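Asks: Show me how the following folds:
(2 chains)
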There are 2 protein chains.
Amino acid sequence: MEKIKIGILGYGNIARGVEQAIRQNEDLALAAVFTRRDPAHVAVQTPGVPVLHVDDAPAWRDRVDVMILCGGSATDLPAMGPQYAALFHTVDSFDTHARIPEYFENVDRAAKESGHLAAISIGWDPGLFSLNRLYGEAFLPQGAHYTFWGRGVSQGHSDALRRVPGVKDAVQYTVPVESAMEAARSGAQPQFTARQMHTRECFVVAEEGANRAEMERAICEMPNYFSDYDTTVHFISEEELQRDHKKMPHGGFVIRSGKTGENNREVMEFSLKLDSNPEFTASVLVCYARAVYRLAKQGQTGAVTAFDIAPALLSPKSPEELRATLL
Amino acid sequence: MEKIKIGILGYGNIARGVEQAIRQNEDLALAAVFTRRDPAHVAVQTPGVPVLHVDDAPAWRDRVDVMILCGGSATDLPAMGPQYAALFHTVDSFDTHARIPEYFENVDRAAKESGHLAAISIGWDPGLFSLNRLYGEAFLPQGAHYTFWGRGVSQGHSDALRRVPGVKDAVQYTVPVESAMEAARSGAQPQFTARQMHTRECFVVAEEGANRAEMERAICEMPNYFSDYDTTVHFISEEELQRDHKKMPHGGFVIRSGKTGENNREVMEFSLKLDSNPEFTASVLVCYARAVYRLAKQGQTGAVTAFDIAPALLSPKSPEELRATLL
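Replies: Numbering: from 1, shown residues only, chains lettered A, B, ... in the order given. Here you go, the predicted model:
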């Protein structure tokens, strides 16, 4: 069997997860890792895999079937997405929800012009959670859906904490409110404020001599990030933070509650409970790389999202095997 | 907007659910109901909709875009599926898991020869549960999946009870074992026997003078249906059965537990809690009718399953709307 040759662009947490996920899939092979750093200083986990500078990527066009773009959504992907879709079939995890339509257009144009296929915004949210929102809305059009996140570490909120004067390091957990989840599941279709759905729990290492009361006030009153939530701040030592809070668990729930017929309540729920957010995201990315490879072979070009990919394309099994074993 | 014209073939519980689901979808219209009974004796819920004999169906080829086949899997669909796929684009809920490959071949041949598209085995299991088994296996290849059904009424097991001598009427509930679900969710990847995953609860109305102890023994020892499970038999009055057990609730859980990276546990879970099994199944069928209509317009023919349908095709929203609102 000819393996699908995967390239990894960028080498952070998601990229390391992609590298590990490839090893769990016999039909995939890691071709090369491309980095903006000095390749001599990047040690990958797979023996024999070349580490190259991103400037060398164009020369690898014939040796990489699908490039997985492991950059961040804030500054990396908006430029990287269109740039590499002009060179490769790509998969990325662009997750700035509000900017997805614009990003889609930019990647779509670059990919179509160069004859490539690019799957954007792949992962679990956007990604699997989006699929479940779509399924829920389609199957139960008279209904409401609810997305709860957590309990898990939010990188964006942790970064926001670290920008507060006096904060040396910090981790923020997003915590879903159990009673709100129960109400969503009840089928009563309640409406919630942001505060009613999630609480925010912060573990903060303070600089020596910093004013903790002042820091706590600054955190709890921070607009967009914390002011709309019940926020708890725990000051802990650097040792505690390193020991207890350096894993990246996450997860969440998509609940659709709707009515059919005269007045029957139907509830659909999808949930994830993840020890490692980046490793699970990476596991999803490699399956979409398989799908992109297959669709590109059929001649499809442009940008697509999880909404456009038939589920069978994600699995290494043949359609016959899938029907016989999983249907 | 031109509506998609849906035909319903057969007029039982699922068909009535399809009729109600069509009303919740503005882009769908019910064209006609076809029955094997005397149409004069079939009263549908939608004013003005023609009720016709199945023999008249071929004459409606130009007036029905997609025919939803609402027959049973045991005896109706094996003949009906290929027969009507030769005349119409179709959707059905064929659910005899072991016979799906054979059924797929037969429908695929008839549909391809006549230039039609047929979505088979649509609903929640097979259907949404199958999708979640596929997603789970693809995203977490080193793992195990578990399907729990219930608490809900199993028609097959209720029918089996009614065949026991002395049983006048009966309803059987399949009940998932809570501790087994917890073990599946724990990520420990336990292995279960059938008995460890589900119990069976039977509500039985006995004929006058029937030997209840003998009936209970016959039920609990019935192979395939009850002997591999812890089964409880409750004898109740006909009034109680009519009052408390004539609804058709169902649901269940698909749990995938797997490992990523060094030893991180990731758990995916999908669940349904349904007041009305046939109405929810019907709500799924009409969305797949929409998808079949769209794919047939693109020229696709043959048999497909839920595995082959890109999620976006199920929604009435445009790809742009979906990306902006649900991704």
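
Asks: C-alpha from now on. contacts and neighbour counts both.
Replies: Will do.

Asks: got a list of what A:Arg151 touches?
Replies: Going by Cα atoms under 8 Å, 6 or more residues apart in numbering or on different chains, A:Arg151 touches A:Tyr173, A:Thr174, A:Val175, A:Pro176, A:Pro249, A:His250, A:Gly251, A:Gly252.

Asks: Could you find the closest non-adjacent residue to it?
Replies: What sits nearest to A:Arg151 in space, not counting adjacent residues and going by Cα to Cα, 6 or more residues apart in numbering or on different chains, is A:Val175, at 4.5 Å.

Asks: How many residues are close by the one you found?
Replies: 20 (other Cα atoms under 10 Å in any protein chain shown).

Asks: cool, and A:Tyr11?
Replies: Neighbour number of A:Tyr11 under other Cα under 10 Å is 23.

Asks: coming back round to it: next, the residue nearest to A:Arg151: secondary structure please.
Replies: strand (DSSP: H, G, I helix; E, B strand; the rest coil).

Asks: Hmm, A:Val153 and it touching each other?
Replies: No. Counting by Cα atoms under 8 Å, A:Val175 does not reach A:Val153; the two are 9.1 Å apart.

Asks: Please identify which helix or strand holds the residue in the stretch 1-150 of chain A that chain B sits nearest to.
Replies: When scored by Cα to the nearest Cα, the stretch 1-150 of chain A has A:Ser130 as its residue closest to chain B, at 4.7 Å. Using DSSP states H and E, A:Ser130 maps to helix A:128-139.

Asks: near chain B, which residues of the stretch 51-200 of chain A?
Replies: Neighbours of chain B within the stretch 51-200 of chain A, by Cα under 8 Å from any Cα of the partner chain: A:97-98, A:100-101, A:125-127, A:130-131, A:133-135, A:137-142.

Asks: quick one, strands of chain A?
Replies: A:4-9, A:28-35, A:51-53, A:66-69, A:89-92, A:117-119, A:143-149, A:152-153, A:167-176, A:198-206, A:230-235, A:250-260, A:264-274, A:302-304 (DSSP state E).

Asks: how about these in CSV, adding mean pLDDT?
Replies: Below are these laid out as CSV (pLDDT from 0 to 100):
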stretch, mean pLDDT
strand A:4-9, 98
strand A:28-35, 98
strand A:51-53, 98
strand A:66-69, 98
strand A:89-92, 98
strand A:117-119, 98
strand A:143-149, 97
strand A:152-153, 96
strand A:167-176, 97
strand A:198-206, 98
strand A:230-235, 98
strand A:250-260, 97
strand A:264-274, 97
strand A:302-304, 98
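
Asks: Please identify the most buried of these.
Replies: strand A:117-119 (a mean of 31; mean count of other Cα atoms under 10 Å in any protein chain shown).

Asks: Contacts for that strand, please.
Replies: By Cα under 8 Å, 6+ apart, strand A:117-119 touches A:85, A:88-92, A:107-108, A:111, A:288, A:292, A:295-296, A:300-306.

Asks: ok now it, how far from the chain's centre?
Replies: 16 Å (Cα atoms, centre = their mean, to the nearest Å).

Asks: which residues sit in contact with A:Val107?
Replies: With Cα under 8 Å, 6+ apart, A:Val107 has these contacts: A:Gly81, A:Pro82, A:Ala85, A:Ala118, A:Gly302, A:Ala303.

Asks: same thing with A:Val54?
Replies: A:Leu9, A:Phe34, A:Thr35, A:Arg36 are the contacts of A:Val54 under Cα under 8 Å, 6+ apart.

Asks: try 10 Å
Replies: A:Leu9, A:Gly10, A:Val33, A:Phe34, A:Thr35, A:Arg36, A:Arg37, A:Asp38, A:Pro39 (Cα atoms under 10 Å, 6 or more residues apart in numbering or on different chains).

Asks: which residues do A:Val175 and A:Val153 both contact?
Replies: What both A:Val175 and A:Val153 touch, as defined by Cα under 10 Å, 6+ apart, is the set A:Arg200, A:Glu201, A:His250, A:Gly251.
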